[in-house]
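Student: heads up, no residue letters with this:
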């Protein structure tokens with residue numbers, strides 16, 4: 001696979017040096033069986049500037065600092081999403097109580113813990129999101145960061161699994177005639193949180209495709 005990528009990059013470089021247009025190179029690669037993503041990636045390795053030889057673009061590299069920032073970013077995202085869902089579930093339980101499950105007076109420990117987690121984790125997530133956004137605007141090549149893309153796709157996978165399980169639970173309850181207001185509200189909360197995360201990061205990936 002690495003040899004194939006090197007051959008592709010060498011071909012694109014040689015074609016650009018001989019004055020071939022990017023459109024003709026792209027068509028030749030597609031006719032040869034390369035995927036659109038592979039052709040686009042190979043062509044994007046060289047800047048579209050007027051010079052005697054092809055000018056390579058700067059390539060992303062993995063640094064310990066970058067890995068640290070993205071790990072903290074997605075960890076705070078998971079903490080915020082989980083504890084927001086838990087907080088809303090507890091509030092739904094208290095608003096529509098199950099008589100077979102009495103609730104203690106005052107604020108339960110789970111609500112306190114969820115509120116405390118959101119107060120700490122969510123501002124950190126917002127701060128890091130803004131910080132990373134500024135860095136990506138200044139250096140678009142960082143959008144191709146390996147750790148960023150892997151963690152983004154992992155987050156999309158988790159959000160998609162939550163949505164699928166949420167809808168499966170809803171259909172199962174409907175077939176069993178076990179629909180209640182409290183159950184519907186919990187399904188909506190889980191779908192809203194997972195759907196928001198899924199939609200945001202899908203939009204972010206599409207934005208990556210539009211950036212040279």
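Tutor: Here it is on my side, so go on. Note that the structure is predicted; figures quoted are calculated from it, not measured.
Student: check contacts around the closest residue to residue 69 other than its chain neighbours.
Tutor: The shortest distance from residue 69 to any non-neighbouring residue, by C-beta to C-beta, 6 or more residues apart in numbering, is to residue 128 (6.2 Å). To be clear about C-beta, it is placed using only N, CA and C from the backbone, and glycine gets the same treatment. By C-beta atoms under 8 Å, 6 or more residues apart in numbering, residue 128 lies in contact with 69, 72, 73, 76.
Student: nearest residue to the spatially most central residue of the chain other than its sequence neighbours?
Tutor: Central residue check for the chain by C-alpha atoms, centre = their mean: the C-alpha nearest the mean position is that of residue 152, 3.2 Å away. Closest residue in space to residue 152, ignoring its immediate chain neighbours: residue 201 at 5.4 Å, by C-beta to C-beta, 6+ apart.
Student: assign that neighbour to helix, strand or coil.
Tutor: Following DSSP: H, G, I helix; E, B strand; the rest coil, residue 201 is assigned to helix.
Student: surely it and residue 156 touch.
Tutor: Yes - contact criterion C-beta atoms under 8 Å: residue 201 and residue 156 qualify, at 5.5 Å.
Student: just to revisit the earlier point, quick check: pLDDT value at the residue nearest to residue 69.
Tutor: In this model, residue 128 is scored at 96, pLDDT.
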